[in-house]
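Peer 1: have a look at this fold, sequence not included:
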């Protein structure tokens, strides 16, 4: 039965394989992220899942950075994530936290595949240490609010293993060129426990 669905839906899945190139345009990214929600089914299975994930996140520059993610799925419907990632380059330290709230929609009458649509809040911070110890350290902090879309595959066993693609669209430039980017997308692998 799954193979029949894949055979029928494969032509529509082709654009997803082209995501790195198409997502440079915010409108294309939004269309590709919302498109799978047209094939969602109801209701979701009622359970609670708590998991930790490791992933790679990209902010529109085609450079993936490692990230940590804490996730929860409440009553099979309410999906939240807390992303954390950062980097240190010389005297500059950058850190980003992103909190997402989304509604989980099972797709194609499957217990395994789900689409998610919701909201995202991002906090970007940059700390620049001066080369001169007598000069103060400068820091910049920016918050950004946007839309969140995701696709995920999760096992139905007690040990919940998941593979997810997440995409958050923000208002670019609302908090400055250094800290704000229009898109944050990630691929992640998570392991957690189903209650």
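Peer 2: Good, I have the coordinates. Here the structure is a predicted model, which is why all the values come from computation and not from measurement.
Peer 1: for the rest of this, base every contact and every neighbour count on C-alpha atoms.
Peer 2: Fine.
Peer 1: list the contacts of the residue most central in space within the chain.
Peer 2: Geometric centre of the chain, nearest residue: residue 166, 2.8 Å, by CA atoms, centre = their mean. If you count contacts by CA atoms under 8 Å, 6 or more residues apart in numbering, residue 166 has them with 148-151, 185-187.
Peer 1: mind checking which of the residues you listed are in strands?
Peer 2: 148-151, 185-187 (DSSP state E).
Peer 1: for residue 53, state which of these is nearest.
Peer 2: When the ones in strands among the contacts of residue 166 are ranked by distance to residue 53 (CA to CA), residue 187 comes first, at 9.9 Å.
Peer 1: quick check: buried residues in stretch 61-80?
Peer 2: For stretch 61-80, the buried set under the neighbour-count rule, 16 or more other CA atoms under 10 Å, comprises 66-74, 76-80.
Peer 1: just the element for the residue nearest to the centre of the chain, please.
Peer 2: Assigned by DSSP states H and E, residue 166 belongs to strand 159-170.
Peer 1: for that strand, which strands pair with it and how are they oriented?
Peer 2: Strand pairing for strand 159-170, determined by DSSP bridges: strand 138-154 (antiparallel), strand 183-194 (antiparallel).
Peer 1: tell me the mean pLDDT over that strand?
Peer 2: The average pLDDT for strand 159-170 rounds to 91.
Peer 1: residues of that strand that come out buried?
Peer 2: For strand 159-170, by 16+ other CA under 10 Å, it's 160-170.
Peer 1: and stretch 103-113, by the same measure?
Peer 2: So for stretch 103-113, counting by 16+ other CA under 10 Å, buried means 103-108, 113.
Peer 1: just how off-centre is that stretch within its chain?
Peer 2: Distance of stretch 103-113 from the chain centroid (CA atoms, centre = their mean, to the nearest Å) equals 17 Å.
Peer 1: can you get me the start-to-end distance on it?
Peer 2: 14 Å (CA to CA, to the nearest Å).
Peer 1: related to what we said a few turns ago, nearest spatial neighbour of the residue nearest to the centre of the chain, skipping sequence neighbours?
Peer 2: Nearest-residue entry for residue 166: residue 150, 4.3 Å, with adjacent residues in sequence omitted and distances by CA to CA, 6 or more residues apart in numbering.
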